[in-house]
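S.K.: Model the following, please.
(chains A and B)
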Amino acid sequence: MAGRGRGRGSGISLTHEQIQALGIARGDNTPAILTPPPLFPKLDVKPLPLNCDAATDYMVIVKDQFIEYLHESPAYVKANTRNDGIERYSDKYKLLALDAKKGNILDCVWANIPPELRPNAGRSRVSVKKRKLDDPKEIAKRLQTLEKKEIQDTSTEDMETNEDEVKKETEENDEELEDEHEQEEEIDDGTDYANNYFDNGEDYEDEDDNLDDGPVY
Amino acid sequence: MSRQLGRVVSQILNRYFGEIVEKVGNDLFMYGSKPMGMIIKSTGLPRTQVIESLRTLLKFDLATFEAKDVIVDYKLLPDNILLLIRYPRYLLQMKTKYGSEAEMLVEELLQQASCTATVLIVSVMNKYKDDKEKNLNIVKLKDTFISLATAGYIQQAPVAESNSEIPILVPVATIVPDLDVRELINAMNTNLNNVSDNIYWKVNYDRFHLDFRDEVMIKAVTRRIDDNAGELLKLMLEQMYLSSSSWASDSSPVPLTDLKDGCQRISDNMKNHVEQYLRVIEESTAFIRRTGDAGGGQYSVRIQHALIQLVEALCDHTVTERLGGKAARIFRLIRSKKYIEEDDIQKNAMLPNKECKELTYKLLEEHFISVQPMRKAASAGGMAKAIYLYHVKLHDVAHVIRDMCYRSLHNVMSVSRHTRVLNARLLDKKRRVRTIVHGMRLRGEPQQNIDDVRYIFCIYILRGAWTVEVLDTLTPPEVTSSAEAERRLNTLAASELHLDRELFILTSYFTYQR
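M.R.: Numbering: from 1, shown residues only, chains lettered A, B, ... in the order given. Below is the predicted model of the structure:
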């Protein structure tokens, strides 16, 4: 029996008889020279003709109109400027057309869109950060705690336990502060060290931040 | 989520929204969902452009977002992007069913993606104000809007829940509004920004798809039997909307007497033959089924089954066109026998041995049929070791055909893109001429002015009015080549629409398979 002793993977390899039973004769499968398949293979059958009736024509027209509308609207995002270094007479007009379009912002329902995509996203973020020091009462309170700390530090003969107590006190104060700020900021341990000064680089190259201020001449 | 789908989606985004949105969309498609910072990083685009692209995607409902703490993840909706191709069909449906007012409203709504009723009606009104032919009036528009909302073709857009910084969109039930004509007229005369209307509307694609599904089924029955059968099925589908949910796989049974009553409205002659027609439909297409005998017989529409039948027909057709009639015969044979051995295929298909085998393997190679090896337990000899059963997995075949559709859609779109790039200058010129002529016609300038100057393409000012050389701006060779290009583009656009029809049948089949 051919193929008997060829290991257990006999499910894949076929015996000679089986190959013959499949209709492949001895000379049939001589390997041809391997070439990649043609890029545009010839069609065996010509495809059916498209039947274009009035409805299809109508739909084609409507489609073109819709696409044209989108291309004119701010939904079609264009690259800023494509300059190949050759000055052309038409550049002036193209720039004019671009400027006219530049002020347009896509008309969205801003409430339904994440804040980072809203037009004044950058500004609102800054104001949130600043709000902490806006209230004069808060500043006074903070100053008081700091003052106390300083006094403790300067009075060198104080016992460690005493210091600890004060520390606890300040911590309590801080906790109060924290509670008040919890809505405004996610992470706040009461001191300025907790503020996130880390710049993740998102604002880098953010040249169009003042979109609605109009072009600068 | 196949690779072909990704290619199509990126082509569509390119055609509709430009290269930058395409890049962003492609990035989102590849990585599932990701936050904006990551998109900026991986695409290398400036932040503002990514923001603009995301706005576009979100506005047209082509992407969604999900908040994770402070980070917002964006996710592409490829299915909705495919729907962009279907927009013309929605408009056609509106025009044929509700007239041109409805078409205008839906067109405006599709362009705006979502907007309030007042803004919608007023902007349609303003757009066609000067058009005497359309003869619009605001009361009529308002009535059309309300009837569209009642029929469910438009629905209220999801509303943002505002208990956190990042909104969560919650779908709301549509309440048909009560619009005041006087307020609309007021809004038309004053600034639109002052309008306090804050209910946003959008197009309900699902409702349109129901219409298309019914249309396909009715058309199939009409072709197979005759117009009356089509009418009868239409009647049954109407009954179905009354009693069962519209995407149910089987409608709840309708008694024969109800159908007879309905048929009387169509024609007297129909009434006498209802039972025969029902029988014929049941036997020849299996779109309906007799489910009970009470009340002279109860009939229900088998939507799911009907879609299976339609997809089978689609498969047959595809095989015929790809591999020829003989392969289609083998394919049908295998499907009707469920599981069949290779020798039996040869016997039953009545084809020469070698040809039959070749075709079978070709079918297998193109994934139209599958093979199931069955091992015989204790057999002697290598010959009878295993038998191979050929069968058709309709679900898989539908997937294969859908991928083919995606692929050809991609091909069609890229060819048309290429044609457009090649002829960009000509087409641009032609369009410019057309808009200028249109403008001149609107301003009522004499015909002589329009085709006065010849052989030069220029725009010059003559006594304060723009006078344009129009007729011969394109030289004769340019005219022929631009006509050729336009003809090609139109054919390609038409084939896009046809492919979309096929995709529609396949997707609705898949919705029932889930």
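S.K.: Near B:W201, how many other residues are there?
M.R.: Applying other C-beta atoms under 10 Å in any protein chain shown, we find 23 other residues in the vicinity of B:W201. From N, CA and C alone the C-beta is placed, and that goes for glycine too.
S.K.: What sits closest to it if chain neighbours are left out?
M.R.: Leaving out its chain neighbours, the residue that sits closest to B:W201 by C-beta to C-beta, 6 or more residues apart in numbering or on different chains is B:I154, at 5.2 Å.
S.K.: Now do the same contact list for the one you found.
M.R.: Taking C-beta atoms under 8 Å, 6 or more residues apart in numbering or on different chains, we find B:I154 in contact with B:L105, B:V106, B:L109, B:F145, B:L148, B:W201, B:K202, B:V203, B:N204.
S.K.: Now, those that are in strands?
M.R.: Assignment to strands by DSSP state E places the following of the contacts of B:I154 there: B:W201, B:K202, B:V203.
S.K.: looking at chain A, which helix or strand does the model trust least?
M.R.: Ranked by mean pLDDT, DSSP states H and E, the helix or strand of chain A with the weakest confidence is helix A:121-130, at a mean of 46.
S.K.: Just the buried residues of the helix or strand harbouring B:V274, please?
M.R.: The secondary structure element spanning B:V274 is helix B:268-284 (assigned by DSSP states H and E). Of the residues in helix B:268-284, B:M270, B:H273, B:V274, B:Y277, B:L278, B:V280, B:I281 count as buried by neighbour count, 16 or more other C-beta atoms under 10 Å in any protein chain shown.
S.K.: So the fifth one is in contact with B:Y299, correct?
M.R.: Yes. When contacts are counted by C-beta atoms under 8 Å, B:L278 is listed as touching B:Y299 (6.0 Å).
S.K.: which residues do the two both contact?
M.R.: Counting by C-beta under 8 Å, 6+ apart, the shared contacts of B:L278 and B:Y299 are B:L256, B:L259, B:I288, B:R290.
S.K.: and the third one, how many neighbours?
M.R.: Neighbours of B:I288 under the rule other C-beta under 10 Å: 23.
S.K.: and the residue of the stretch 151-300 of chain B found nearest chain A, what element?
M.R.: In the stretch 151-300 of chain B, the residue that lies nearest chain A is B:A160 (4.6 Å; C-beta to the nearest C-beta). According to DSSP H and E, B:A160 maps onto strand B:159-161.
S.K.: Mind listing what's buried along that strand?
M.R.: B:V159, B:A160.
S.K.: model confidence over the very next helix or strand once past it, on average?
M.R.: Stepping forward along the backbone from strand B:159-161, the first helix or strand reached (DSSP H and E) is strand B:168-170. Regarding strand B:168-170, the rounded mean pLDDT is 81.
S.K.: swap in stretch B:434-444?
M.R.: Confidence for stretch B:434-444, expressed as mean pLDDT, is 72.
S.K.: what's the answer for stretch B:504-514, then?
M.R.: If you average the pLDDT over stretch B:504-514, you get 90.
S.K.: what does the stretch 351-500 of chain B have sitting close to chain A?
M.R.: Along the stretch 351-500 of chain B, the residues adjacent to chain A under the rule C-beta under 8 Å from any C-beta of the partner chain are B:353-354, B:357-358, B:373, B:382-383, B:385-386, B:490-491, B:493-495, B:497-498.
S.K.: go again using 6 Å as the cut-off
M.R.: Residues of the stretch 351-500 of chain B found near chain A, taking C-beta under 6 Å from any C-beta of the partner chain as the criterion, are B:K354, B:K357, B:G382, B:N490, B:A493, B:A494, B:S495, B:L497.
S.K.: Just list the residues touching the second one, thanks.
M.R.: Spelled out, that is B:K357. With contacts defined as C-beta atoms under 6 Å, 6 or more residues apart in numbering or on different chains, B:K357 is in contact with A:G23.
S.K.: May I have the helix or strand encompassing it as CSV, with CA atoms only?
M.R.: For B:K357, the element it lies in under DSSP H and E is helix B:353-365. Taking only C-alpha atoms (Å, rounded to 0.1, in the frame of the first residue of the first chain), the coordinates of helix B:353-365 have been written out as CSV:
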residue,chain,number,x,y,z
ASN,B,353,-17.1,13.3,-15.7
LYS,B,354,-14.1,15.5,-16.0
GLU,B,355,-16.0,18.7,-16.6
CYS,B,356,-18.2,18.1,-13.6
LYS,B,357,-15.2,17.6,-11.4
GLU,B,358,-13.5,20.6,-12.6
LEU,B,359,-16.5,22.8,-12.0
THR,B,360,-17.1,21.3,-8.6
TYR,B,361,-13.5,22.1,-7.6
LYS,B,362,-13.8,25.5,-9.0
LEU,B,363,-16.9,26.1,-6.9
LEU,B,364,-15.0,24.9,-3.9
GLU,B,365,-12.1,27.1,-4.7
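S.K.: Run the angle between whichever helix or strand comes after that helix and helix B:353-365 for me.
M.R.: The element immediately downstream of helix B:353-365 (helix or strand, assigned by DSSP H and E) is strand B:370-375. An angle of 110 degrees separates the directions of strand B:370-375 and helix B:353-365 when computed by axes from the mean of the first three to the mean of the last three C-alpha atoms, to 10 degrees.
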